[in-house]
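Need a 3D model of the following:
(2 chains)
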Number of protein chains: 2
Amino acid sequence: MSSEPLASESRAASSRTGTTAALARFISAAAGSRLPACVERLSGRAFANWIGCALGAVTDESLRKIVGVARGVGGAAQASIVGRSERIDVVNAALVNGFGANALDFDDMHVRTLIHPTGAVVAAALALAEREHASGALLASAIAVGIEIECRLGLALFPGHYNAGWHITSTLGTLGAAGAASTVLRLAPERAAHALGIAATQAGGLRSMLDNPCKSFNIGRAAAAGTLAALLAAADLDSAPDAIETQHGLMDVFGATSGRDDITRGLGTSYLLPEVSFKPYPCGVVIHPTIDACLELAHERPVRARDVSVIRMAVHPRVLELAGRRHPATAIGGRFSVYHAAALALNRQSAGIAAFDQCDIADPELAALRERMQVEADASLRPGQARLRIQFVDGRSVEQNIDHPSGSPERPLTDDQLRAKFLELATRAVDEVHAAALFESCLALGELDDVAGLRRHWAVR
Amino acid sequence: MSSEPLASESRAASSRTGTTAALARFISAAAGSRLPACVERLSGRAFANWIGCALGAVTDESLRKIVGVARGVGGAAQASIVGRSERIDVVNAALVNGFGANALDFDDMHVRTLIHPTGAVVAAALALAEREHASGALLASAIAVGIEIECRLGLALFPGHYNAGWHITSTLGTLGAAGAASTVLRLAPERAAHALGIAATQAGGLRSMLDNPCKSFNIGRAAAAGTLAALLAAADLDSAPDAIETQHGLMDVFGATSGRDDITRGLGTSYLLPEVSFKPYPCGVVIHPTIDACLELAHERPVRARDVSVIRMAVHPRVLELAGRRHPATAIGGRFSVYHAAALALNRQSAGIAAFDQCDIADPELAALRERMQVEADASLRPGQARLRIQFVDGRSVEQNIDHPSGSPERPLTDDQLRAKFLELATRAVDEVHAAALFESCLALGELDDVAGLRRHWAVR
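Predicted coordinates:
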């Protein structure tokens, strides 16, 4: 006899013991039990941060365009468009909410992989949780599961995958979203494995989109793809049961750079949620240490271009790679320019959302400050570090070193800081009373009986 | 002054002269003028072949699952689900019809790239053409444009892209579908460029899906993504205007293997449509030369296992790579086994859809024939060639060599052969009168006033 049946049996056996199967069992188990209290609390914080970002983007021009298209093709009222009274089908809800929550570049970051963890994951999980009238505890589990899957895959693929040009939050967000959606739908392990496969074959998203509105579209699309994957798997559509580890599967095609066993080690007992940073500034996270340093130095008075002879900065090399444009041409470009963000922090003493939104990118004072900057890539620095030195024309000089940016796991936002960020964002869409109540509900996510009830806070107008 | 503004200007300038812009101008020009008559005729043949395949799959079990999910999330009645009376929004119509037209593995092939050219392209173009009540001439142009874009990109990326594990009909079908959809929507060049960008960042699809239902899902998803890309671009959502050629763009990330100038050489004057093969057999196209040889040798009487001592075949190496499983475990696996297809052709004297559908994959006679086969990969053969020699137990032997498979550009199906294939498929969904009328309408696509009228032929039950 030939060997093909054996090869087939061997693949079937390995598909029960491989990475995809282990992640699928993790999904299924998470839907059947409550998270450890400390993890559930972190999941609630992540959810609150995501909801704030989604509400803050409610007037975003590109989001308006996506919502218009989604309304043109979308189906029944199953889930919220966050910040609006209308509802839409779950796939389109995931699309627009994933877009919206990322639009302000104010969301969150898993620094070791450069993944924005909640973006696609919460968009997919929330849409289905609303449709299913799921409990907050189940949604919290789904969020933790989705983040765990995308960040573990990210640790296996980073940095080769990212350096090859993949927008990692989009590619792996598709898997995370599928994992979260499968948790909400309480898929059995076999079906959850197929959901991961259907997601893997939809994974995509190019880094060439990072300076245009498709940056956020990539996140929305990942959320929609993950939602669709879970729905199709629930409807018994099959995929490869070993899509992550098989030949021509996810890891093979997207370029694994480390051992694949790492992906599932400690799964279900240790969580990556504590590594998630919440952004204190609405811009590329690689810029944050520099902003911290600038805000410290400008704490007492604004720094003006005419007083400065040179501003020297040393940063991790990736800062110049991702945010190295001195004079950005657009507002979104300004959120990815270390020069512009530093100028804003020094001169306006803020790098909050109002500061970014209200300043003119071409403001002569900011442009002059950007001209005075010398930014050096220093490979001896960690991504969270920055060194800043300002030489003034009067001969004075000041220095500031940052080792861990605010919002990082080493310097996490307090609940009060998170609330302040949430209220600034949420009050763009709803009044202060609803914003405050919504924040408390999000933060105590695990206590909610029905996630669908949250929309009463934004569907009031 | 720093150099960034110049770099930005330079990118803007190159984005007007680059590959993406040239393809976008091609799209826009095609929407404004009629195809050369011979190309329009080929577009009609391709359309007829696609419609036949879509109708033939109407009872497919996996398609039924996709349709169920699409109906659960889908929107307004804008476009047909081919073969059914109901309609759905254009994105979900593209999803289900792209799936359906590929489900039987009976569609078509551009041999130099292994792309199934109409799969995603027609699904996207038809959905929007129905919604827009477009003329047949415009749909024919859209189909030609979509095929041209995906196959030209394919020629630049093949074989490296395919060998890396990408399901090329899915990855580049996304771009082809967006090009076709943009033609139907008559997008201006600037908007069409953004549609290509929005498509590029959705491109994906893994070869590990080729033995499961996600093979066809990949095509449907590509169609849906291309449709969405055109709708978003039409709604003024921006992307990278040079997404195909820029750093971290399509060619860079998906691995170009040839000069990029080739992509646009002769664009608008020479067409790749004449290179498209229509499948005479519902199975992997690499197997077709072998089937031709088997059918020739079994022309007079069936070949029985007990009469045969050995069946020797020499084939292009890709045959064993793609279709080398001797004893497939599933019906879909049987369509990608050169052993099974050859056994069917030798013993049942047919490799038509009824033969594939009605035989039991585990039939002992077929299994015994498969056991007697010795298949050798011969790198000196072209993909369209096959050498077959049967040694009988009585000492006789027969040989058959094929240099060009039937259905190939060198041995194209006649209109009568195409009609026969169409009628076998279409009568699974509609009666013979409607099937015959529909075929004539498809073949003369350029003469149709309103594409939306076609559905009267399948929306009768």
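
what stretches of the stretch 51-200 of chain A score poorly on pLDDT?
Scanning the stretch 51-200 of chain A with the threshold set as pLDDT under 70 gives no residue ranges.

do the stretch 251-400 of chain A as well
For the stretch 251-400 of chain A, counting by pLDDT under 70, the residues that fall below are A:256-261.

And the strands in it?
For the stretch 251-400 of chain A, the strands defined by DSSP state E, counting those that start in this stretch occupy A:276-278, A:308-315, A:373-377, A:386-392, A:397-402.

most tightly surrounded among these?
Most buried of the strands of the stretch 251-400 of chain A by mean neighbour count (mean count of other C-beta atoms under 10 Å in any protein chain shown) is strand A:276-278; its value is a mean of 26. The C-beta positions use only the backbone N, C-alpha and C, and glycine is treated the same way.

thinking again about what came up before, distance to chain B for the strands of the stretch 251-400 of chain A - can I get that in JSON lines?
Formatted as JSON lines, the strands of the stretch 251-400 of chain A follow (distance: least, C-beta to the nearest C-beta, whole Å):
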{"stretch": "strand A:276-278", "distance to chain B": "24"}
{"stretch": "strand A:308-315", "distance to chain B": "14"}
{"stretch": "strand A:373-377", "distance to chain B": "10"}
{"stretch": "strand A:386-392", "distance to chain B": "19"}
{"stretch": "strand A:397-402", "distance to chain B": "23"}
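
mind saving the C-alpha coords of stretch A:162-176 as PDB?
Included here for stretch A:162-176 are C-alpha records, laid out as PDB according to Å, rounded to 0.1, in the frame of the first residue of the first chain:
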ATOM      1  CA  TYR A 162       6.500  43.000  10.800                       C
ATOM      2  CA  ASN A 163       9.700  43.800   9.000                       C
ATOM      3  CA  ALA A 164       8.400  42.000   5.900                       C
ATOM      4  CA  GLY A 165       5.700  44.700   5.700                       C
ATOM      5  CA  TRP A 166       2.800  43.100   7.500                       C
ATOM      6  CA  HIS A 167       0.500  45.300   9.600                       C
ATOM      7  CA  ILE A 168       0.700  42.900  12.500                       C
ATOM      8  CA  THR A 169      -2.400  44.300  14.300                       C
ATOM      9  CA  SER A 170      -4.400  43.400  11.200                       C
ATOM     10  CA  THR A 171      -2.900  40.000  10.300                       C
ATOM     11  CA  LEU A 172      -2.900  38.600  13.800                       C
ATOM     12  CA  GLY A 173      -5.900  40.600  14.900                       C
ATOM     13  CA  THR A 174      -7.900  38.500  12.400                       C
ATOM     14  CA  LEU A 175      -7.000  35.400  14.500                       C
ATOM     15  CA  GLY A 176      -7.500  37.200  17.800                       C
END
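
Tell me which residues of that stretch come out buried.
A:162, A:164-176 (16 or more other C-beta atoms under 10 Å in any protein chain shown).

ok, those vs A:Pro289, which is closest?
A:Tyr162 (19.3 Å; C-beta to C-beta).

helix or strand for the closest one, which one?
Element membership for A:Tyr162, per DSSP states H and E: helix A:160-163.

Now do the buried residues in stretch A:119-135.
A:119-132, A:134-135.

Repeat that for stretch A:397-417.
Quick answer for stretch A:397-417 (16+ other C-beta under 10 Å): A:Gln400, A:Ile402, A:His404, A:Pro405, A:Ser406, A:Gly407, A:Ser408, A:Arg411, A:Pro412, A:Leu413.

which residues touch it?
For stretch A:397-417, contacts defined as C-beta atoms under 8 Å, 6 or more residues apart in numbering or on different chains pick out A:45, A:111, A:274-280, A:285, A:288-294, A:296-297, A:382, A:384-392, A:421, A:443.

what's the answer for stretch A:134-145, then?
Contacts of stretch A:134-145 (C-beta under 8 Å, 6+ apart): A:26-27, A:30-31, A:33-35, A:39-40, A:42-44, A:46-47, A:118, A:121-122, A:125-126, A:128-129, A:179-181, A:183-184, A:271, A:273, A:444-451.

Mind telling me which residue of the stretch 351-461 of chain A is nearest chain B?
A:Glu371 (7.5 Å; C-beta to the nearest C-beta).

try the stretch 251-400 of chain A
A:Val253 (3.9 Å).

thought that residue was touching B:His167?
No. Contact criterion C-beta atoms under 8 Å: A:Val253 and B:His167 do not qualify, at 9.7 Å.

Identify the contacts common to the two.
With C-beta under 8 Å, 6+ apart, A:Val253 and B:His167 have common neighbours B:Leu206, B:Arg207.

My read is that A:Leu438 contacts A:Ala429, right?
No. Assessed by C-beta under 8 Å, A:Leu438 is found out of contact with A:Ala429, at 9.9 Å.

for the stretch 1-150 of chain A, what spans make up the helices?
Secondary structure of the stretch 1-150 of chain A (DSSP state H, counting those that start in this stretch): helices located at A:4-17, A:19-31, A:37-56, A:61-73, A:90-103, A:118-132, A:136-157.

Distance to B:Ala243 added to those, as CSV?
Formatted as CSV, the helices of the stretch 1-150 of chain A follow (distance: least, C-beta to C-beta, whole Å):
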stretch, distance to B:Ala243
helix A:4-17, 36
helix A:19-31, 31
helix A:37-56, 26
helix A:61-73, 16
helix A:90-103, 18
helix A:118-132, 21
helix A:136-157, 22
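
who wins for proximity to B:Ile332 among those helices?
Using C-beta to C-beta, the nearest of the helices of the stretch 1-150 of chain A to B:Ile332 is helix A:4-17, at 13.3 Å.

Quick one: neighbours of the closest residue to A:Gln400 other than its chain neighbours, just the number.
Excluding the flanking residues, the one nearest A:Gln400 by C-beta to C-beta, 6 or more residues apart in numbering or on different chains is A:Ala293, at 4.2 Å. A:Ala293 has 26 neighbouring residues, counting by other C-beta atoms under 10 Å in any protein chain shown.

didn't A:Ala293 look like it was pressed against A:Gly384?
No. The pair A:Ala293 / A:Gly384 is not scored as a contact, 11.7 Å apart, by C-beta under 8 Å.
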